[in-house]
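*Asks:* Quick one, structure for this:
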Amino acid sequence: MLRKTPPFRDGIQTLLRKYRQNKATGYWRHLMKISPLKAGLCGVMIALSAGVVTISVAQQTHPSQADALADGPRVPGPYGPLSASDANRDGQVTLAEMENFVAMGPERQVGMVAYFDQYDTDADGALTANELAVVDPPYAFDGSDLDADGVVMREEVEAYVSERLYRQMSLLDFFELVDTDDSGIVTESEMTAAQNEGLLPVEDI
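*Replies:* Here you go, the predicted structure:
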C-alpha cells in the first residue's frame, strides 16, 4: 500500500522546486508577500525538508591560558597602560583615573618581577601550573612565557619587563614619571614626550 504524502509535504516540495528554479530571479521577494507567520513556517519547513537546519551560535573564542601566557595581552592603545586607564577617552589621564585603574588589578601596584615573587611560593624561580592556577588576575603574566612551554620562569619575566619601563614599577610611579609638570594629569603631549624619551614605546596597534 502506497503511503500518501502529507499535503504540507507536497507544498514544501513545490516551494523547493520553485526556489531552486527561480533563485536568481528573486523568488523570495514573491514569498515575502505572504503573511509573516506563513513565511516563517514556510522557511522552517523548507529547511527541515531539505535537511539543512543549522543553528549558528556566535561564540567568542578565548585563548587558552598557555596561549595567553605566550602571546601576551592585546595592546589597549598607542600609549599602553595610559591609554587603558583613560576611562573617559578624552586623550589624557588624570591621577584619579590611574588610581581607579590600578585598584582594579593588584599586579598594577608593583612591578611584574615583584608580583612574580609573591606567587613563586617555593622560590624555585618558576611558576608551574599549580602556582599559575592561583594567580590573581589570571592574565597577570600574559606574554612572559617566552618559550611557550606553559611554565613562567623568573628570567623570562625579567626579560619581558625589560621591554617596557612601566612593567618594572607601580603604574602610579610610572604616572608620576610621565606627569612632568606634576599637575596630576598626563596629557597627550606628555605621553608623546615620554615616547620620544624612550620611557614609553610607540605601541603597534
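*Asks:* Where do the strands of the chain begin and end?
*Replies:* For the chain, strands defined by DSSP state E occupy the ranges 93-94, 126-127, 152-153, 185-186.
*Asks:* So what touches the last one?
*Replies:* Where contact means Cβ atoms under 8 Å, 6 or more residues apart in numbering, the residues beyond strand 185-186 that reach it are L82, Q92, V93, T94, L95, M98, F175, V178, D179. Bear in mind the C-beta positions are built from the backbone N, C-alpha and C, glycine included.
*Asks:* ok, and the closest non-adjacent residue to F141?
*Replies:* Spatial nearest neighbour of F141, excluding adjacent residues (Cβ to Cβ, 6 or more residues apart in numbering): V152 at 5.1 Å.
*Asks:* domain assignment for this structure?
*Replies:* 7-50, 65-196 (automatic domain parsing).
*Asks:* can you give me the mean pLDDT across the shortest one?
*Replies:* Pointing back at domain 7-50 there. If you average the pLDDT over domain 7-50, you get 53.
*Asks:* So which of the domains of the chain is the most surrounded?
*Replies:* By mean neighbour count, with neighbours taken as mean count of other Cβ atoms under 10 Å, domain 65-196 ranks first of these at a mean of 17.
*Asks:* Export the domains of the chain to CSV and append columns for distance to E203.
*Replies:* Listed next are the domains of the chain as CSV, based on distance: least, Cβ to Cβ, whole Å:
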stretch, distance to E203
domain 7-50, 47
domain 65-196, 5
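*Asks:* Least confident of these, on average?
*Replies:* Per-segment mean pLDDT for the domains of the chain reaches its minimum on domain 7-50, at a mean of 53.
*Asks:* just checking, D71 touches D145?
*Replies:* No - the criterion here is Cβ atoms under 8 Å, and D71 misses it with D145 at 9.0 Å.
*Asks:* Return the alpha-carbon coordinates of stretch 148-165 using CSV.
*Replies:* This file holds the C-alpha atoms of stretch 148-165, laid out as CSV (Å, rounded to 0.1, in the frame of the first residue of the first chain):
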residue,chain,number,x,y,z
ALA,A,148,55.7,28.9,25.3
ASP,A,149,56.3,25.8,27.5
GLY,A,150,53.5,26.6,29.9
VAL,A,151,55.9,27.5,32.8
VAL,A,152,56.8,31.1,33.6
MET,A,153,60.4,31.5,34.6
ARG,A,154,61.7,34.4,36.6
GLU,A,155,64.3,35.0,33.9
GLU,A,156,61.5,35.2,31.4
VAL,A,157,59.7,37.8,33.4
GLU,A,158,62.8,39.8,33.8
ALA,A,159,63.4,39.7,30.0
TYR,A,160,59.7,40.6,29.4
VAL,A,161,59.7,43.6,31.7
SER,A,162,62.9,45.0,30.2
GLU,A,163,60.9,45.8,27.1
ARG,A,164,58.6,48.2,28.9
LEU,A,165,59.6,50.5,31.7
